[in-house]
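[1] Predicted coordinates and the sequence they were generated for:
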Amino acid sequence: MTRWLTEAVPRGRVAAFRTVIYLFVAADLVIFTPWVRTRVSVPGDLYHPLLIGRLLPLPTPTATLVAVIFWSLLALALLAATGRAPRLLGWAVCALYLEWMIIAMSYGKVDHDRFGLLIALAVLPTAGRARHGDTTRTEAGGWALRVTQIAVICTYFLAAWAKLRFGGLDWLTGSVLARAIIRRGTDLADLIAQVPYLLIVAQFGIVAFELLSPVVFFLPARWRHAMVGFFYSFHAVTIATITISFAPHLAAMTSFLPLERVRPLVWARRLVGHGTPAPTSADVDTLPDQDPVGASADPAPLGDQAPVVGRPAGP
């Protein structure tokens, strides 16, 4: 189990994941949760902090406090996305975003799609330095990605548990999706709702897929990526029908993907013709003697984090 939790991954994957997460935090402030700034207009006696807010304890939000958190977090998240000072900036972003979420969720509604993102912010500072494109492997980075993956799957599994715990079997056979479509459905959802019993079948399917989501850890890399692709397609359908995005969850779920293969800056340089030119024949003649192809041992493949069963593919 320890080897599985700390399965080494390329540092380039950690660097790419770090960039994705911190850029999402910046985008979240200005796109998805700018409404948090309006909380200062709500009377302070309506602020009922979450348990963590009561334990610390944290002050009642004021206009000054929220403004300081917003601008500080926006600047620090953009800096952290560059990979500089990963521990200092990482812990600062984690603390500020946690307070941002406590303010957001302390007025009666708690969104469960933030869990994986918060865990990612908590573990990324422990991954250490990582550069884009670096193929050397890191167990600390592998642990950070694995813990985030576990949080993502817990979001699914515990959501199903909550449905059955509070809604019982009536959640499966009731009008949950029908009510959602009435409240915020799209034209596509209206078409789907006209098919007899399709919404009931969809409710059974949702709970089944959430309960079976931990299976992703037992699959080989190829099938694991296919299952993660199914997760993304499920959320695409959710957005298209009832306009619920789960954007923070989708950002955290990139921890399953081989992000080190995504190199937009390198692709852009090649596209505009500024990539490294191929050596000419003159250049080849002046190169130092090199070992023939195949004389040295093949480097370890990038691969992916191994499934929970079997021997993990370590360095």
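    Done, it's in. Residues are numbered from 1 along each chain as shown.
[2] just the helices in the stretch 51-200 of the chain please.
    Counting by DSSP state H, counting those that start in this stretch, one finds helices in the stretch 51-200 of the chain at the ranges 51-55, 63-80, 86-104, 115-123, 139-162, 170-173, 176-184, 187-193, 198-212.
[3] For residue 23, which of those helices is the nearest?
    Judged by CB to CB, the one of these that comes nearest to residue 23 is helix 63-80, at 7.4 Å. Glycine gets a C-beta too; all of them are placed from N, C-alpha and C.
[4] most centrally placed residue in the protein?
    Geometric centre of the chain, nearest residue: residue 252, 0.8 Å, by CA atoms, centre = their mean.
[5] which ones are touching that one?
    Shown in contact with residue 252 (CB atoms under 8 Å, 6 or more residues apart in numbering): 21, 116-117, 119-120, 148, 151-152.
[6] Can you add distance to residue 128, pLDDT and neighbour count and give the residues you listed back as CSV?
    Shown next, in CSV, are the contacts of residue 252 (distance: CB to CB, whole Å; pLDDT from 0 to 100; neighbours: other CB atoms under 10 Å):
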residue, distance to residue 128, pLDDT, neighbour count
21, 15, 98, 25
116, 21, 97, 28
117, 20, 97, 26
119, 18, 98, 22
120, 15, 98, 30
148, 16, 98, 26
151, 20, 98, 21
152, 22, 98, 25
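[7] Surely residue 9 and residue 141 touch.
    Yes - between residue 9 and residue 141 there is a contact at 5.5 Å, judged by CB atoms under 8 Å.
[8] How much space separates the spatially closest residue to the residue nearest to the centre of the chain that is not a sequence neighbour from residue 1?
    Nearest residue to residue 252, sequence neighbours excluded (CB to CB, 6 or more residues apart in numbering): residue 116, at 3.2 Å. Going from residue 116 to residue 1 by CB to CB, to the nearest Å gives 21 Å.
[9] In contact with the residue nearest to residue 252, which residues are there?
    Taking CB under 8 Å, 6+ apart, one finds 148, 151-152, 155, 248-249, 252-253 in contact with residue 116.
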